[in-house]
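*Asks:* take this sequence and fold it.
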Amino acid sequence: WSATNLPTGLDLTPGGVLSGPPTTAGSYAVTIRYADDAGCIGTASYTILVCSTLSVTPASVPAGTGGVAYGPVAFAAASASGAVTWSVTAGALPAGLGLDAVSGVLSGTPTAVGSFSFTVTATDSLGCKGSVAVTLVVNCPTITVNPPTLTAAFEDLAYTATLTQAGGTAGTTFAVTAGSLPAGFTLTPAGARSGTAAIPGTYDV
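*Replies:* Numbers count the residues shown, from 1 in each chain. Reported below is the predicted structural model:
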């Protein structure tokens, strides 16, 4: 047995055993030749891909906040050959975030909160791959309810007030979570407070 264009560090024994630790990454077009005792020859062509170990960083990413621009966070692949292409190969990014396939930059504005696990994979020009699994936590934004105070109501007179919010990432629902409204008042999920007060007093809600 004999071979041409083997990667450095590989060896083909006369008995046909191919072995050894390749030392240089690359794609090698190899021709294997067999000659029998009668002088008859056979050949076969192979492509041997030798990959370096692609180490992808960072191994963890900072937390984000819903509705707030995130990053950018740049991923990098050590020992890659040539240009690197980036992709998410498992899990999913939070809605609103994207991973640039060329630069490996993670950025955007998350529109959902929670804990999101995903795998970022780098593929170099040889087709060699390296991956890192990360978890990105998107925290709730600060939500401010307005107005900070409500005007006074008068007994037996119709009253209306509209609550609004600043912050948040999706539809808003208002509800009374402590105390109670004056008898005759209601608060809609959209934040409209209305009614006719039946009993004078001070009400903390």
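
*Asks:* residue ranges with poor pLDDT in the chain?
*Replies:* Where the chain drops to pLDDT under 70, the residues are 170.

*Asks:* which SS state does the residue nearest to residue 46 when sequence neighbours are not counted fall under?
*Replies:* The shortest distance from residue 46 to any non-neighbouring residue, by CB to CB, 6 or more residues apart in numbering, is to residue 30 (4.9 Å). Placement of C-beta: from N, CA and C, glycine included. With DSSP: H, G, I helix; E, B strand; the rest coil as the basis, residue 30 sits in strand.

*Asks:* residue 27 too?
*Replies:* When classified by three-state DSSP, residue 27 comes out as strand.

*Asks:* ok, now how distant is it from residue 7?
*Replies:* Separation of residue 27 from residue 7 (CB to CB, to the nearest Å) stands at 9 Å.

*Asks:* what do those two both touch?
*Replies:* 48, 50 (CB atoms under 8 Å, 6 or more residues apart in numbering).

*Asks:* picking that back up, quick one: contacts for the residue nearest to residue 46?
*Replies:* Residue 30 neighbours (CB under 8 Å, 6+ apart): 3-6, 45-48.

*Asks:* closest to residue 127 among those?
*Replies:* residue 47 (10.5 Å; CB to CB).

*Asks:* quick check: the closest one touching residue 27?
*Replies:* Yes. Between residue 47 and residue 27 there is a contact at 6.2 Å, judged by CB atoms under 8 Å.

*Asks:* between the two, tell me which one has more neighbours.
*Replies:* residue 27 (15 against 8; other CB atoms under 10 Å).

*Asks:* would you confirm that that one contacts residue 51?
*Replies:* No. With contact defined as CB under 8 Å, residue 27 does not count as touching residue 51 (9.7 Å).

*Asks:* where do the contact lists of those two overlap?
*Replies:* With CB under 8 Å, 6+ apart, residue 27 and residue 51 have common neighbours residue 126.

*Asks:* name the nearest residue to residue 157, sequence neighbours excluded.
*Replies:* Counting by CB to CB, 6+ apart, residue 157 lies nearest to residue 196, which is 6.7 Å off, once chain neighbours are set aside.
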